[in-house]
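J.: how would this look folded up:
(4 chains)
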Number of protein chains: 2
Amino acid sequence: MNRNERIRALINRLARLDAAQTWDGALNPAQRSALDYLGQANRFSRSPSHVAEYLGATRGTVSQTLKALSRKGFVSEERSASDKRSISYQLTDAGRQLADAKSLLSAALVGRAEDELVLMETALRGLLGAAVRANQSKPFGICHTCRYFKPQQSGGFCTLLQVALSSAETQQICHEHETA
Amino acid sequence: MNRNERIRALINRLARLDAAQTWDGALNPAQRSALDYLGQANRFSRSPSHVAEYLGATRGTVSQTLKALSRKGFVSEERSASDKRSISYQLTDAGRQLADAKSLLSAALVGRAEDELVLMETALRGLLGAAVRANQSKPFGICHTCRYFKPQQSGGFCTLLQVALSSAETQQICHEHETA
DNA sequence: CCGATATACTAGCGAGTCGCTACTATTGCA
DNA sequence: TGCAATAGTAGCGACTCGCTAGTATATCGG
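T.: Sure thing, here's the model as predicted:
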């Protein structure tokens, strides 16, 4: 087993141990992943289709996961006025609280050396980029790093969607993101 | 969302994308993880209990996963002569072939800078160690890094189990592993 | 040597994931 | 206006997974 396979195995095992721990709480792994995403995504990127593409799952599966989250009261649905087919999900207060809960993995990350964490995040991000390209799926980057982003005195402006963005929104994940 | 949570999210997303791709093949993600483990584990560490502990799942779940792998012909069962309760699974030729198959993640790892890969593996390994300690589960380390390992002219010797080890075996995962 | 206790594994249940196909509702384009 | 594309969902079958209960075997104290 070469290094690449070892790294793959490490990532999978870490995710699996983290997922195993998830079962103790109110959410299962799929629901937790969806909740995490919804907590980071901007208002243009919170539909079932976007969640599905982000997680590499199908729309049908994600549809059920989101319904479950809604039943449990961690997200709320909001039908779009402009496009009556589409639904946007957002975290409720309970959902936001849950999304901030610490997991096994983040607990293990506490106490690691600062520069190691920086390196790890950079490396994982690069790896994810490569995986996403290999998979021909969308990058789902952070708004302010996008080629369509124009900074303003407060917040920014999206030249693709032609909308003003609050300062908080420029830090969120967007499904339209394209690397500069 | 702080850096620790971002890293957790990255690891989970990478694993999820890798898992999504798995569905195309003969195995599902759980089966793939079990197969990976069996391909690395030594002859003392290939029982359902060990797989369960390694993956953070229950014995019942793993039992079914291994039966499925056996049905598909990727592993074979071998009941222990000394302890008739226990079963050891090993990869068949088909299983070994499948375990060597490239995944989305390892494909994405190809072409990354060498020193980055070294850093990533080191960092992930350290993180896993911390997670395992936090979880109070066994480390499942590589045989030759164990405190019970004594090198010999060819292979080694385990002072815990009092058995001789072939050179190949010293590179395998052991459930008895204790850090020196 | 015997009985109690511990250990290894499995069966079966219920809830839920997940890919898939088929379907409805809506939109947008020609 | 008509028709293809898009967004979401229902329902099916296979499977995961935690759980409880069960069998078989092992071990240990008396």
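J.: Tell me which helix or strand comes right after the helix of greatest length in chain A.
T.: Identified as the longest helix of chain A according to DSSP state H is helix A:114-135. The first helix or strand that comes after helix A:114-135 along the chain, using DSSP states H and E, is strand A:149-151.
J.: tell me which strands and helices that next one is in contact with?
T.: Contacts defined by 3 or more Cβ pairs under 8 Å, 6 or more residues apart in numbering or on different chains; DSSP states H and E place strand A:149-151 against strand A:156-158. The C-beta positions use only the backbone N, C-alpha and C, and glycine is treated the same way.
J.: Can you tell me the strand partners of the next helix or strand after the strand it packs on and which way each runs?
T.: Per DSSP H and E, strand A:156-158 leads on to strand A:163-165 as the next helix or strand towards the C-terminus. The pairing partners recorded for strand A:163-165 under DSSP bridges are strand A:156-158 (antiparallel).
J.: of all of chain A, which residue lies closest to DNA strand C?
T.: The nearest approach of chain A to DNA strand C comes at residue A:60, 2.4 Å away (Cβ to the nearest atom of the strand).
J.: Pull out the buried residues from stretch A:69-85.
T.: The neighbour-count check on stretch A:69-85 (16 or more other Cβ atoms under 10 Å in any protein chain shown) flags A:69-70, A:72, A:74-75 as buried.
J.: correction: stretch A:22-39
T.: A:22, A:27, A:29-39.
J.: What of stretch A:93-103?
T.: Applying 16+ other Cβ under 10 Å to stretch A:93-103 flags A:95, A:98-99, A:103 as buried.
J.: which of these sit farthest apart?
T.: A:95 and A:103 (15.4 Å; Cβ to Cβ).
J.: Just give me the least confident of the buried residues of stretch A:93-103.
T.: On pLDDT alone, residue A:103 ranks lowest of the buried residues of stretch A:93-103, at 82.
J.: I'd say it and residue A:18 touch.
T.: Yes - Residue A:103 is within contact range of residue A:18, at 5.7 Å (criterion: Cβ atoms under 8 Å).
J.: Now list whatever residues contact both of those two.
T.: Overlap of the contact sets of residue A:103 and residue A:18 (by Cβ atoms under 8 Å, 6 or more residues apart in numbering or on different chains) consists of residue B:8.
J.: Identify the residues contacting the residue positioned nearest the centre of chain A.
T.: The residue lying closest to the centre of chain A (Cα atoms, centre = their mean) is residue A:37, at 3.0 Å. Residues near residue A:37 by Cβ under 8 Å, 6+ apart: A:51, A:54-55, A:173.
J.: Ramachandran angles for it?
T.: phi -60, psi -50 (degrees, to the nearest 10).
J.: same deal with residue A:89?
T.: phi -100, psi 140.
J.: got it, and residue A:178?
T.: According to degrees, to the nearest 10, residue A:178 has phi -130, psi 130.
J.: Report the contact partners of it.
T.: Residue A:178 makes contact with A:139, A:141, A:146-148, according to Cβ under 8 Å, 6+ apart.
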